[in-house]
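Chemist: Turn this into a structure:
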Amino acid sequence: MARDHYIPQLILDRFVQLEKGRNLNVLDKVSGRLFHPAVKDFGVKDLHTLSSGMRESFEADELPDIELTIGNHFESPAAPLLERVVESSSLEWLTAAQRQEIIQFVALQWVRVPGRLFNFRSAIAKEFDGDEPARNLRVLGTPNLPDPVRDLALMGIPLDAVGLAGVLGRAHLALALAPDNIAAIGDNPVVVHSYQGVPKNLFPTFLVSAPGIDAFLPISPKHILYLHTAENAVTGTVGKTLSSPLHLSLKAINYLNGLQGKAAVRYIVLPRQEQMAQIAADMASEEEPSFDFKCAFFPST
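Modeler: Numbering: from 1, shown residues only. You can find the predicted model right below:
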């Protein structure tokens, strides 16, 4: 039984608590307990294994290895680039091809996580009057039973990531630096901020690339990849890459960390009634942020 990671170890390793033996700070959202597993041990067994139906119908060498595909085509190419980004705190050395590798890595982190997969399976269930999936890390069930929806979703991960990266190539790319090394990462690591109302029926695969959207992916407690899709972005054009990093205020990083926290409550476990009530109250009373991330690309706005 393999332990698969839906947030790559190359990112998780940067969010460890050194005094705990290079372990993560992990919150159990059901019990509220905080624990500190080693990165290599904090995975889900056979998360990316196709269902028994596929494994019985095809020979092993005929089946795609989702974990291997993700590692070879997304994580391995991006790992040295992200290492250099963290070391240099800069994107100015990126070639066009390296820029797209990083964007493809961001797209992968958006489409592969349980929260997005929950939305996918929930939409399928509603379409065919089925049951909503359980809110846990095994939103696609287990590989022990025949399950074509599981197989479709797993095989769609690399395809969706490549397709989404093609669209996000038009987005502007920047590196944001968090003050005091306090950027947080949650179980849906890419968080999105919209400057306008987003239709509730907008399918989440495309939310991250909608015009006028900001997307953020923390890659260390200090470094955050930032994508902005301009409202007048045209398919086929390539966005600009800022050479100088953005220095976020404490208020801005607290806002982004708050987005990570809200996503964590919404997904994976069924939130308790008081949690949902508190989120609704917070969102109703939340003032529009006084900072404007996109002004980094459009100083005159």
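Chemist: neighbours of residue 243, just the number please.
Modeler: For residue 243, the tally of surrounding residues (other CB atoms under 10 Å) stands at 12. Every C-beta, even on glycine, is put in place using the N, C-alpha and C of the backbone.
Chemist: Tell me who's in contact with the nearest residue to it once chain neighbours are set aside.
Modeler: Closest residue to residue 243 apart from its sequence neighbours, by CB to CB, 6 or more residues apart in numbering: residue 92 at 3.8 Å. Residue 92 is in contact with 241, 243, 244, counting by CB atoms under 8 Å, 6 or more residues apart in numbering.
Chemist: From residue 254, how far off is residue 92?
Modeler: Relative to residue 254, residue 92 is positioned 28 Å away (criterion: CB to CB, to the nearest Å).
Chemist: now do residue 11
Modeler: 21 Å.
Chemist: what does residue 60 give?
Modeler: Taken as CB to CB, the span from residue 60 to residue 254 is 49 Å.
Chemist: Show me which of the two is the more surrounded one.
Modeler: Higher neighbour count among residue 60 and residue 254: residue 254, with 14 against 7, using other CB under 10 Å.
Chemist: Quick check: buried residues in the helix or strand hosting that one?
Modeler: Assessed by DSSP states H and E, residue 254 sits inside helix 250-266. Judged by neighbour count using 16 or more other CB atoms under 10 Å, the buried positions of helix 250-266 are 252, 253, 255, 256, 257, 259, 260, 262, 263, 264, 265, 266.
Chemist: tell me the angle of the host helix or strand of residue 115 relative to helix 250-266?
Modeler: Using DSSP H and E, residue 115 sits within helix 114-127. Orientation check (axes from the mean of the first three to the mean of the last three CA atoms, to 10 degrees): helix 114-127 against helix 250-266 gives 50 degrees.
Chemist: If we go by neighbour counts, what in the helix or strand just after helix 114-127 is buried?
Modeler: Under the assignment DSSP H and E, the closest C-terminal helix or strand after helix 114-127 is helix 148-168. For helix 148-168, a neighbour-count test (16+ other CB under 10 Å) marks 149-151, 153-158, 160-161, 164-168 as buried.
Chemist: how far does helix 148-168 sit from the chain's center?
Modeler: 14 Å (CA atoms, centre = their mean, to the nearest Å).
Chemist: What of stretch 139-147?
Modeler: That offset, for stretch 139-147, works out to 23 Å (CA atoms, centre = their mean).
Chemist: Return the residues in contact with residue 191.
Modeler: 215, 216, 256, 259, 260, 263.
Chemist: got JSON lines for these, with pLDDT and distance to residue 72 too?
Modeler: Converted to JSON lines, these look like this (pLDDT from 0 to 100; distance: CB to CB, whole Å):
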{"residue": "215", "pLDDT": "94", "distance to residue 72": "25"}
{"residue": "216", "pLDDT": "96", "distance to residue 72": "26"}
{"residue": "256", "pLDDT": "91", "distance to residue 72": "31"}
{"residue": "259", "pLDDT": "86", "distance to residue 72": "31"}
{"residue": "260", "pLDDT": "87", "distance to residue 72": "28"}
{"residue": "263", "pLDDT": "77", "distance to residue 72": "28"}
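Chemist: Let me have those in CSV, adding distance to residue 186 as columns.
Modeler: Output for the contacts of residue 191, formatted as CSV (distance: CB to CB, whole Å):
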residue, distance to residue 186
215, 14
216, 11
256, 11
259, 9
260, 4
263, 6
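Chemist: Now do stretch 27-43, average pLDDT.
Modeler: Regarding stretch 27-43, the rounded mean pLDDT is 77.
Chemist: Stretch 240-247: which residues count as buried?
Modeler: Within stretch 240-247, the residues that count as buried by 16+ other CB under 10 Å are 242, 245, 246.
Chemist: Show me what the closest residue in space to the first one that isn't next to it in sequence bridges to in the sheet.
Modeler: If you skip the residues right next to it in sequence, residue 242 has residue 174 as its closest partner in space, 4.1 Å away by CB to CB, 6+ apart. Partner residues in beta bridges with residue 174, using DSSP bridges, are residue 226.
Chemist: Give me the local confidence score for residue 174.
Modeler: Confidence score, pLDDT, at residue 174: 96.
Chemist: Who are the contact partners of it?
Modeler: Per CB under 8 Å, 6+ apart, neighbours of residue 174: 91, 225, 226, 227, 228, 241, 242, 245, 246, 296, 297.
Chemist: Pretty sure residue 105 sits against residue 71.
Modeler: No - look at residue 105 against residue 71 with CB atoms under 8 Å: they stay out of range, at 11.8 Å.
Chemist: higher neighbour count, these two?
Modeler: residue 105 (24 against 14).
Chemist: and that one, what is it in contact with?
Modeler: Residue 105 touches 74, 75, 77, 78, 82, counting by CB under 8 Å, 6+ apart.
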